[in-house]
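K.L.:
Here you go, sequence then predicted model.
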Amino acid sequence: MCCQDTRQWINNREEEQQQGDQGKSVFLDSSKLAKRPLTAIDPKLQGVMLTTSLHDNWVFSGRDPYAEPLFVDENGRILRFTLKPGQSVQEHTAPNSPVYIVVLQGIGLFSGGDNQEQRFGPGALLIFDTGEPHAIRAEDEELVFVAFLHGVPEAPWHR
(Lines give C-alpha, C1' and ligand atoms only; values in the text may rest on other atoms or scores of the structure.)
Protein backbone atom coordinates (compact mmCIF):
# COMPACT_ATOMS: atom_id res chain seq x y z
CA MET A 1 0.00 0.00 0.00
CA CYS A 2 1.60 3.27 -1.03
CA CYS A 3 1.09 6.63 0.67
CA GLN A 4 -1.90 7.63 -1.47
CA ASP A 5 -3.49 4.22 -0.94
CA THR A 6 -2.83 4.56 2.77
CA ARG A 7 -4.47 7.95 2.89
CA GLN A 8 -7.50 6.55 1.03
CA TRP A 9 -7.64 3.70 3.52
CA ILE A 10 -7.59 6.26 6.33
CA ASN A 11 -10.50 8.16 4.79
CA ASN A 12 -12.43 4.88 4.50
CA ARG A 13 -11.40 4.03 8.07
CA GLU A 14 -12.87 7.28 9.36
CA GLU A 15 -16.18 6.42 7.77
CA GLU A 16 -16.03 2.92 9.31
CA GLN A 17 -15.22 4.35 12.74
CA GLN A 18 -18.29 6.53 12.55
CA GLN A 19 -20.16 3.26 12.09
CA GLY A 20 -18.43 1.71 15.13
CA ASP A 21 -15.72 -0.44 13.44
CA GLN A 22 -12.54 -0.80 15.55
CA GLY A 23 -9.10 -2.43 15.49
CA LYS A 24 -7.67 -2.04 11.98
CA SER A 25 -4.09 -1.28 10.99
CA VAL A 26 -2.33 0.07 7.92
CA PHE A 27 0.26 -2.07 6.10
CA LEU A 28 2.99 -0.05 4.43
CA ASP A 29 4.46 -1.50 1.24
CA SER A 30 8.11 -0.53 1.68
CA SER A 31 8.78 -0.86 -2.07
CA LYS A 32 6.67 2.26 -2.54
CA LEU A 33 8.06 4.32 0.34
CA ALA A 34 11.65 4.88 -0.78
CA LYS A 35 11.11 8.28 -2.40
CA ARG A 36 8.90 9.66 0.36
CA PRO A 37 8.39 7.65 3.54
CA LEU A 38 5.04 7.74 5.24
CA THR A 39 4.97 9.99 8.25
CA ALA A 40 2.76 10.00 11.29
CA ILE A 41 2.60 13.79 11.22
CA ASP A 42 -0.68 13.41 9.36
CA PRO A 43 -3.24 13.73 12.20
CA LYS A 44 -5.40 11.10 10.48
CA LEU A 45 -2.70 8.51 11.31
CA GLN A 46 -2.78 9.10 15.05
CA GLY A 47 -4.07 6.03 16.81
CA VAL A 48 -3.66 3.82 13.72
CA MET A 49 -1.09 1.03 13.95
CA LEU A 50 1.27 1.11 10.97
CA THR A 51 3.09 -2.05 9.85
CA THR A 52 5.56 -3.06 7.16
CA SER A 53 7.71 -6.08 6.40
CA LEU A 54 11.40 -5.69 7.11
CA HIS A 55 12.27 -8.70 4.93
CA ASP A 56 10.63 -7.70 1.63
CA ASN A 57 11.58 -5.47 -1.30
CA TRP A 58 15.25 -4.97 -0.47
CA VAL A 59 17.09 -2.61 -2.79
CA PHE A 60 20.86 -2.85 -3.23
CA SER A 61 22.68 0.06 -4.87
CA GLY A 62 25.42 -0.53 -7.39
CA ARG A 63 28.18 1.52 -5.81
CA ASP A 64 27.14 2.76 -2.38
CA PRO A 65 25.12 1.40 0.55
CA TYR A 66 21.41 2.06 0.24
CA ALA A 67 19.53 3.71 3.13
CA GLU A 68 15.76 3.44 2.82
CA PRO A 69 13.58 5.49 5.17
CA LEU A 70 10.80 3.16 6.29
CA PHE A 71 9.16 5.59 8.68
CA VAL A 72 9.75 9.22 9.66
CA ASP A 73 7.95 11.52 12.05
CA GLU A 74 8.88 14.34 14.42
CA ASN A 75 9.88 11.82 17.11
CA GLY A 76 12.27 9.68 15.11
CA ARG A 77 13.04 7.65 12.05
CA ILE A 78 13.52 4.05 11.01
CA LEU A 79 15.96 3.34 8.19
CA ARG A 80 16.72 0.04 6.46
CA PHE A 81 20.28 -0.25 5.14
CA THR A 82 21.38 -2.68 2.44
CA LEU A 83 25.05 -3.20 1.65
CA LYS A 84 26.59 -5.35 -1.04
CA PRO A 85 29.79 -7.24 -0.24
CA GLY A 86 32.64 -4.76 0.22
CA GLN A 87 30.42 -1.71 0.72
CA SER A 88 30.70 0.33 3.90
CA VAL A 89 29.06 3.12 5.82
CA GLN A 90 31.91 5.47 6.65
CA GLU A 91 32.46 6.54 10.24
CA HIS A 92 29.94 9.16 11.28
CA THR A 93 27.92 10.25 14.31
CA ALA A 94 24.29 10.93 15.13
CA PRO A 95 24.79 14.05 17.24
CA ASN A 96 21.22 14.27 18.53
CA SER A 97 20.21 10.65 19.04
CA PRO A 98 21.39 7.26 20.14
CA VAL A 99 21.38 4.73 17.29
CA TYR A 100 19.82 1.29 17.71
CA ILE A 101 20.64 -1.27 15.01
CA VAL A 102 19.10 -4.70 14.43
CA VAL A 103 20.85 -6.95 11.90
CA LEU A 104 18.43 -8.79 9.61
CA GLN A 105 20.74 -10.63 7.20
CA GLY A 106 24.44 -11.23 6.67
CA ILE A 107 27.49 -10.75 8.83
CA GLY A 108 28.95 -7.27 9.09
CA LEU A 109 31.82 -5.55 10.81
CA PHE A 110 30.60 -2.83 13.16
CA SER A 111 32.79 -0.39 15.10
CA GLY A 112 31.87 2.13 17.76
CA GLY A 113 33.70 4.77 19.75
CA ASP A 114 36.59 2.42 20.52
CA ASN A 115 37.28 1.85 16.76
CA GLN A 116 37.38 -1.92 17.31
CA GLU A 117 35.56 -3.82 14.55
CA GLN A 118 33.35 -6.67 15.72
CA ARG A 119 31.35 -9.18 13.66
CA PHE A 120 27.60 -9.32 14.14
CA GLY A 121 24.90 -11.21 12.29
CA PRO A 122 21.13 -11.76 12.18
CA GLY A 123 19.32 -10.98 15.39
CA ALA A 124 22.09 -8.83 16.88
CA LEU A 125 21.08 -5.59 18.58
CA LEU A 126 23.74 -2.87 18.63
CA ILE A 127 23.42 0.35 20.61
CA PHE A 128 25.51 3.45 19.91
CA ASP A 129 25.32 6.40 22.31
CA THR A 130 24.35 9.87 21.15
CA GLY A 131 27.34 11.34 19.29
CA GLU A 132 29.30 8.06 19.33
CA PRO A 133 31.30 7.56 16.12
CA HIS A 134 30.35 4.33 14.35
CA ALA A 135 31.03 2.60 11.03
CA ILE A 136 29.71 -0.52 9.28
CA ARG A 137 31.25 -2.77 6.65
CA ALA A 138 29.92 -5.74 4.70
CA GLU A 139 32.59 -8.34 4.07
CA ASP A 140 31.84 -11.14 1.60
CA GLU A 141 28.03 -11.27 1.75
CA GLU A 142 25.08 -8.89 1.56
CA LEU A 143 24.31 -7.11 4.83
CA VAL A 144 20.87 -5.79 5.79
CA PHE A 145 20.07 -3.97 9.02
CA VAL A 146 17.53 -1.54 10.44
CA ALA A 147 18.51 1.60 12.36
CA PHE A 148 16.23 3.41 14.80
CA LEU A 149 16.93 7.06 15.76
CA HIS A 150 15.16 9.67 17.90
CA GLY A 151 14.18 12.98 16.32
CA VAL A 152 14.56 13.79 12.66
CA PRO A 153 16.55 16.46 10.85
CA GLU A 154 14.46 18.88 8.81
CA ALA A 155 13.22 16.99 5.78
CA PRO A 156 11.49 18.33 2.65
CA TRP A 157 8.34 16.24 3.20
CA HIS A 158 7.77 17.92 6.58
CA ARG A 159 7.42 21.39 5.08
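P.N.:
Now that the structure is in, tell me what you want to look at. Numbers count the residues shown, from 1 in each chain.
K.L.:
how about residue 89, what does it touch?
P.N.:
Contacts here follow CB atoms under 8 Å, 6 or more residues apart in numbering; on that basis residue 89 touches 65, 81, 83, 135, 136, 137. (Each C-beta comes from the backbone N, C-alpha and C, glycine too.)
K.L.:
who does the host helix or strand of it pair up with?
P.N.:
Assessed by DSSP states H and E, residue 89 sits inside strand 88-92. If you go by DSSP bridges, strand 88-92 pairs up with strand 134-138 (antiparallel).
K.L.:
Can you list the neighbours in contact with the strand it pairs with?
P.N.:
By CB under 8 Å, 6+ apart, strand 134-138 touches 65, 81, 83-93, 99, 101, 106, 108-113, 117, 128, 143, 145.
K.L.:
Which of the residues you listed fall within strands?
P.N.:
Residues of the contacts of strand 134-138 located in strands (DSSP state E): 81, 83, 88-92, 99, 101, 108-111, 128, 143, 145.
K.L.:
between these, which is nearest residue 54?
P.N.:
residue 145 (9.7 Å; CB to CB).
K.L.:
tell me the phi and psi of the closest residue to that closest one other than its chain neighbours?
P.N.:
Computed as CB to CB, 6 or more residues apart in numbering, the closest residue to residue 145 that is not its neighbour in sequence is residue 103, at 4.7 Å. For residue 103, the backbone dihedrals (degrees, to the nearest 10) come out as phi -80, psi 130.
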